[in-house]
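Enquirer: Pasted the sequence and its predicted model underneath.
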Amino acid sequence: MAQMSEPLSAAPKPRVTVKAFRHLKWPALDPLERGLMVLCAFLLLGFTLVELTDVTLRTMHRPWLNAAEFASGCFTWGIFLGMSVAVRRDQHFRLTAVSHSLHGAKRLFVETANRLVILVVALCMVVFGYKNYVVSFGSFLMPSTTPIAVLTAAIPVAGCLITLFIMEELINGWRRGFEPPEQAILEMSLPVV
């Protein structure tokens, strides 16, 4: 049996965002992103378990009347919080192929325009989502009679998070440029072994 001559290296740090675009991120928001990812995982797990339990109980002729409410809550919050995390991780819909082929002022313009469109949508989510949230206190989930506002609150919350993450990218992009550093470009082009 051969002895190991090299000491074990420390475990790699969990990656939060794509390395190439790390220059557009503030490290202070990394814990928020990780927390949102964990919360989304629990919401997905909760949705799955609620649906599985609901089907099992219905099969046993013991229906769980509130199951749809819990499933809707987990699903709605998971979708909207996941949307905000996707914006931070640059895994959302954006015209990246065009902007990645440009350099200098043209790239700055296209990247800024892309993010401003997302910012406008996020601000609409905040404003109109909040109005919908306030109005939805008059409607109730059945049979628990919980206000639908517990679901619609996810819209302005996600809008606020998306606004924060887009502002982070805009400010850092305007300061440092949107193009990734040369080292990050080299790492992206190297084949994975």
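Expert: Happy to help now that I have it. Small disclaimer: the values here were computed from a predicted structure and weren't measured.
Enquirer: Which helix or which strand is home to the residue positioned nearest the centre of the chain?
Expert: Against the mean C-alpha coordinate of the chain, by Cα atoms, centre = their mean, the closest residue is V85 at 1.5 Å. Assigned by DSSP states H and E, V85 belongs to helix 67-88.
Enquirer: List the contacts of that helix.
Expert: 17, 25, 29, 33, 36-37, 39-40, 43-44, 46-47, 50-51, 53-54, 57, 92, 118, 122, 141, 144, 146, 150-151, 154-155, 157-158, 161-162, 165-166, 168 (Cβ atoms under 8 Å, 6 or more residues apart in numbering). Just so you know, the C-beta spots here come from the backbone N, C-alpha and C atoms, and that holds for glycine as well.
Enquirer: Next, give phi and psi for F140.
Expert: With angles defined as degrees, to the nearest 10, F140 sits at phi -130, psi 150.
Enquirer: looking at it, it is touching A149, isn't it?
Expert: No. In this structure, F140 is not within contact of A149 by Cβ atoms under 8 Å, at 9.5 Å.
Enquirer: These two - which one has more neighbours?
Expert: In this view F140 and A149 are compared by other Cβ atoms under 10 Å, and A149 has more residues nearby, 17 against 13.
Enquirer: give the contact list for the more buried one.
Expert: A149 makes contact with 133-134, 136-137, according to Cβ under 8 Å, 6+ apart.
Enquirer: The chain: strands as residue ranges?
Expert: 140-141, 146-147 (DSSP state E).
Enquirer: which stretch in these is the model least sure about?
Expert: Lowest mean pLDDT of these: strand 140-141, a mean of 86.
Enquirer: which residues sit against that one?
Expert: With contacts defined as Cβ under 8 Å, 6+ apart, strand 140-141 is touched by 69, 72, 146-148, 150-151.
Enquirer: Go through the strands of the chain and name the closest to L108.
Expert: strand 146-147 (45.0 Å; Cβ to Cβ).
Enquirer: what comes into contact with the closest one?
Expert: Contacts for strand 146-147 (Cβ under 8 Å, 6+ apart): 69, 136-141.
Enquirer: So, low pLDDT: which residues of this structure?
Expert: The chain contains residues with pLDDT under 70 at 1-20, 92-100, 181-193.
Enquirer: cutoff 90 now
Expert: 1-27, 65, 89-111, 114, 138-146, 173, 176-193 (pLDDT under 90).
Enquirer: Widest-spaced pair of the contacts of strand 146-147?
Expert: Once Cβ to Cβ is applied, the contacts of strand 146-147 give E69 and G138 as the farthest pair, at 17.2 Å.
Enquirer: any idea where the helices of this protein begin and end?
Expert: Per DSSP state H, the chain carries helices over the ranges 30-59, 67-88, 96-100, 104-135, 149-152, 154-176, 182-189.
Enquirer: Please tabulate those in a markdown table and include distance to F21 as additional columns.
Expert: Shown next, in a markdown table, are these (distance: least, Cβ to Cβ, whole Å):
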| stretch | distance to F21 |
| --- | --- |
| helix 30-59 | 13 |
| helix 67-88 | 10 |
| helix 96-100 | 10 |
| helix 104-135 | 11 |
| helix 149-152 | 32 |
| helix 154-176 | 8 |
| helix 182-189 | 8 |
